[in-house]
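In: Next comes the sequence, and after it the predicted model I'd like to discuss.
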Amino acid sequence: MASRIVAALIAACLLLPLAALAKEAKRANNINELEAAEMLSQEPRSTFMIDVRTREEFMLQGHPPQAYNVPWRFFTADFQMQGGAYAGGKAAYTGYQLSSEPNPDFIGVTQSLFKPEDRLLVLSSDGEDGADAADALVKAGFKRVYQIKNGFLGERLLSKENDKLAEKLSPRWQERGRVNGWVYWGLPVSHVIDPKYVYPPDLKRMQTLK
């Protein structure tokens with residue numbers, strides 16, 4: 001049973017839709033994955049990575065070592081078919097949906113972890129949520145915020161002129177992590193869940209259950 005649940009969660013993480021092109025932040029700086037890795041090595045004491053993917057993605061897909069998980073949005077228990085009604089619009093994919101609104105504690109938790117002058121590198125799945133999260137951090141007063149454009153998995157394969165045929169014939173249609181992204185470049189990925197880097201409210205909740 002446990003293995004089936006894990007398999008279902010992995011499938012849900014992989015099926016989340018990707019933006020067609022990398023979204024750029026408007027307030028924060030935009031960098032690529034290699035630039036982010038270099039920044040981490042140059043100023044390790046004042047440079048921190050915030051992984052804003054869901055807790056499920058952070059755990060099951062892996063994450064950069066020493067990346068702090070502060071989700072921008074959460075998975076919900078709301079299962080919906082693609083095109084079905086969800087949050088005043090239509091569901092973009094079949095499966096358990098992401099929360100339609102950002103995590104209301106995102107800014108507060110980030111402020112509890114980092115100083116306004118720290119250099120923050122924001123990593124999402126494909127850059128879509130990362131751009132929004134990075135801009136929110138700048139608006140909240142963080143001075144050195146960088147959004148990693150292609151995220152952890154990278155952009156999906158995209159070929160407008162062949163999209164219909166690719167959907168019909170190609171097993172690689174809409175695959176993740178094939179163009180750019182942290183994983184694409186072979187940058188370090190860990191599956192170790194270090195309590196120091198998990199979402200702080202989750203850790204606090206677990207401690208109260210002892």
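Out: Cool, the structure landed.

In: Could you use CA atoms for every contact and neighbour count after this?
Out: Fine.

In: remind me which residues of this protein are low pLDDT?
Out: 1-21, 159, 176, 207-210 (pLDDT under 70).

In: Walking through it, point out its strands one by one.
Out: For the chain, the strands defined by DSSP state E cover 29-31, 47-51, 67-69, 75-80, 85-86, 89-90, 95-98, 119-123, 144-148.

In: Now G62. Nearest residue, chain neighbours left out?
Out: Of all residues not flanking G62 in the chain, H191 sits nearest, at 4.7 Å (C-alpha to C-alpha, 6 or more residues apart in numbering).

In: What about the nearest residue to E175 once chain neighbours are set aside, how many residues nearby?
Out: Counting by C-alpha to C-alpha, 6+ apart, E175 lies nearest to R156, which is 5.4 Å off, once chain neighbours are set aside. Per other C-alpha atoms under 10 Å, the neighbour tally for R156 reads 22.

In: And R156, how far from K139?
Out: 30 Å (C-alpha to C-alpha, to the nearest Å).

In: just to revisit the earlier point, is it correct that the residue nearest to G62 is in contact with E57?
Out: No - if you go by C-alpha atoms under 8 Å, H191 and E57 don't touch, sitting 10.7 Å apart.

In: More neighbours: which of those two?
Out: Counted by other C-alpha under 10 Å, H191 and E57 do not tie: E57 has more neighbours, with 22 against 13.

In: Can you tell me how far that one is from V70?
Out: Distance check for E57 against V70: by C-alpha to C-alpha, it reads 12 Å.

In: Where do the helices of the chain begin and end?
Out: 2-15, 33-42, 55-60, 106-113, 128-139, 163-169, 200-208 (DSSP state H).

In: follow-up on the earlier one: identify whichever of the strands of the chain lies nearest to Y199.
Out: strand 67-69 (5.2 Å; C-alpha to C-alpha).

In: Relative to that closest one, what are the paired strands and their orientations?
Out: Looking at strand 67-69 with DSSP bridges, its partner strands are strand 47-51 (parallel).

In: Just the CA atoms of the strand it pairs with, as CSV, please.
Out: C-alpha atoms of strand 47-51 as CSV (Å, rounded to 0.1, in the frame of the first residue of the first chain):
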residue,chain,number,x,y,z
THR,A,47,23.9,32.9,-0.2
PHE,A,48,20.9,30.5,0.4
MET,A,49,18.7,28.6,-1.9
ILE,A,50,14.9,28.5,-1.3
ASP,A,51,13.2,25.5,-3.0
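
In: Give me the contacts around stretch 141-148.
Out: Residues from elsewhere that reach stretch 141-148, judged by C-alpha atoms under 8 Å, 6 or more residues apart in numbering: 24-25, 28-33, 36, 115-124, 127, 130-131, 134, 137-138.

In: could you redo the last one with a cut-off of 6 Å?
Out: Identification of contacts with stretch 141-148 by C-alpha atoms under 6 Å, 6 or more residues apart in numbering yields 28-33, 116-117, 119-123, 131, 134.

In: which of the residues in it are buried?
Out: For stretch 141-148, the buried set under the neighbour-count rule, 16 or more other C-alpha atoms under 10 Å, comprises 142-148.

In: Alright, that wraps it up for me.
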